[in-house]
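Undergrad: Pasting a predicted model and its sequence here:
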Amino acid sequence: MTTDYNKHGVARQYQQAKQQPWRHRVEAYSFLRCIGDLAGKSVVDMACGEGHFTRRLKLGGASTVMGFDVSERMVELARAQEADDPAGIEYVVHDARELAVDRAFDLAVSAWLLVYAREREELARMCRGIASWLRPGGRFVTFTTNPDLYLFQPRGDFRPYGFEVLVEDQVYEGAPITWRIHMDDTVLDIENYYLPISAYESACREAGFRDFRVHGLELAPAEDGVDDHEHWAEFMRAPPAVMLECVRE
C-alpha cells in the first residue's frame, strides 16, 4: 500500500528518519555534489517533504527556491520551519504528475519522487510534469531507489545502517520495494515500486529530456577523520540508491 504521508504521525516519523547517519554521509553528500553549483540559479524541489533539502539548496546559494509536495501535512511542516527560520522559500501543495503553469526554473531536483510510479504511464506523467517546470536547457537531478537491488548477490544487508529494504522473490515491473526504517521506538515502512533504469530513461526522453545519465553514490569523509570505510563497505557494495540526471531540450 502506498505510504500516506498525511496519516497521523507519518510525516513526523519521516522527518525523524532523516537523522540517520547514512542520510548525511551518503545521501546528502552524493546528491548535493551531483547537483553542483547553485549560485544564482532558480530551483524547484519536487516532493520536498518537510523541506530537508529545500533549505539546503537555498543556503547553498540558489537565488530562488520553491518546494512542493503532494502531502498537505509535509507542506505544513515545511511552512512551519520557514516561519521559524525564514529563508525566503515558497512551499505549495502540488502533484508532480500535473503540469506547471508559467514556470521556467533553471534546476529541478527531487529526492525520492520517481520511486512512487507503479507503472510506465504514471512515470511518463511524472516526467512530463517535471519537464514543465524547467526552461530549455534546465537540468533535472533526482535521488532514487536503485533498481539493481534485485540483482546484487548477495542482496544488500542494510540493518547496520538503521533500515532494511524488502523486495519480492521475483522482479517484475511495479513490484513493491519497502524501505523499513528502524528508529528508537518505532518502525516506518515506506513503499516504493520497481521499474528498470531503461523505463526511467525512456520516460525522460519522451518528456523532452536529453543527456540522461546514471550516477553512483559517494561516501563523505568522516568528520572526525577516523577511517570507517569498513563499516560502510556493505552499503557501497550494494548501493540501495542511485542518482539520475538529464537536461531539458
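TA: Thanks, I have the structure now.

Undergrad: In this structure, mark out all the strands, start to finish.
TA: Ranges of strands within the chain are 42-46, 64-69, 90-93, 105-111, 134-145, 163-166, 176-182, 187-193, 209-215, 241-248, based on DSSP state E.

Undergrad: Quick one: those as JSON lines, columns for mean pLDDT and mean neighbour count too.
TA: (C-beta placed from N, C-alpha, C; glycine too.) Converted to JSON lines, the strands of the chain look like this (pLDDT from 0 to 100; neighbours: other CB atoms under 10 Å):
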{"stretch": "strand 42-46", "mean pLDDT": "98", "mean neighbour count": "26"}
{"stretch": "strand 64-69", "mean pLDDT": "98", "mean neighbour count": "25"}
{"stretch": "strand 90-93", "mean pLDDT": "97", "mean neighbour count": "16"}
{"stretch": "strand 105-111", "mean pLDDT": "98", "mean neighbour count": "24"}
{"stretch": "strand 134-145", "mean pLDDT": "98", "mean neighbour count": "20"}
{"stretch": "strand 163-166", "mean pLDDT": "97", "mean neighbour count": "17"}
{"stretch": "strand 176-182", "mean pLDDT": "97", "mean neighbour count": "17"}
{"stretch": "strand 187-193", "mean pLDDT": "95", "mean neighbour count": "17"}
{"stretch": "strand 209-215", "mean pLDDT": "98", "mean neighbour count": "15"}
{"stretch": "strand 241-248", "mean pLDDT": "98", "mean neighbour count": "21"}
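
Undergrad: Columns distance to Arg128 on top of those strands, output as CSV?
TA: Formatted as CSV, the strands of the chain follow (distance: least, CB to CB, whole Å):
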stretch, distance to Arg128
strand 42-46, 13
strand 64-69, 16
strand 90-93, 19
strand 105-111, 12
strand 134-145, 11
strand 163-166, 29
strand 176-182, 24
strand 187-193, 18
strand 209-215, 10
strand 241-248, 11
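
Undergrad: Out of these, which is closest to Lys58?
TA: strand 64-69 (4.4 Å; CB to CB).

Undergrad: what's the angle between the closest one and strand 42-46?
TA: 10 degrees (axes from the mean of the first three to the mean of the last three CA atoms, to 10 degrees).

Undergrad: just checking, what packs against strand 64-69?
TA: strand 42-46, helix 52-59, helix 72-84, strand 90-93 (3 or more CB pairs under 8 Å, 6 or more residues apart in numbering; DSSP states H and E).

Undergrad: Of all the ones you listed, which one is nearest Gly137?
TA: Nearest to Gly137, of the helices and strands packed on strand 64-69 and by CB to CB, is strand 42-46 at 12.7 Å.

Undergrad: Residues contacting the closest one from elsewhere in the structure, which ones?
TA: The contact list for strand 42-46, computed with CB atoms under 8 Å, 6 or more residues apart in numbering, reads 51, 53-54, 57, 62-68, 96, 103-110, 113, 130, 133.

Undergrad: can you rerun that using 7 Å?
TA: Contacts with strand 42-46, where a contact means CB atoms under 7 Å, 6 or more residues apart in numbering, come from 53-54, 57, 62-68, 96, 105-110, 113, 130, 133.

Undergrad: and Met183, what is it in contact with?
TA: Contacts of Met183 (CB under 7 Å, 6+ apart): Gln16, Ala17.

Undergrad: ok, so what distance separates it from Ala62?
TA: According to CB to CB, to the nearest Å, Met183 and Ala62 sit 31 Å apart.
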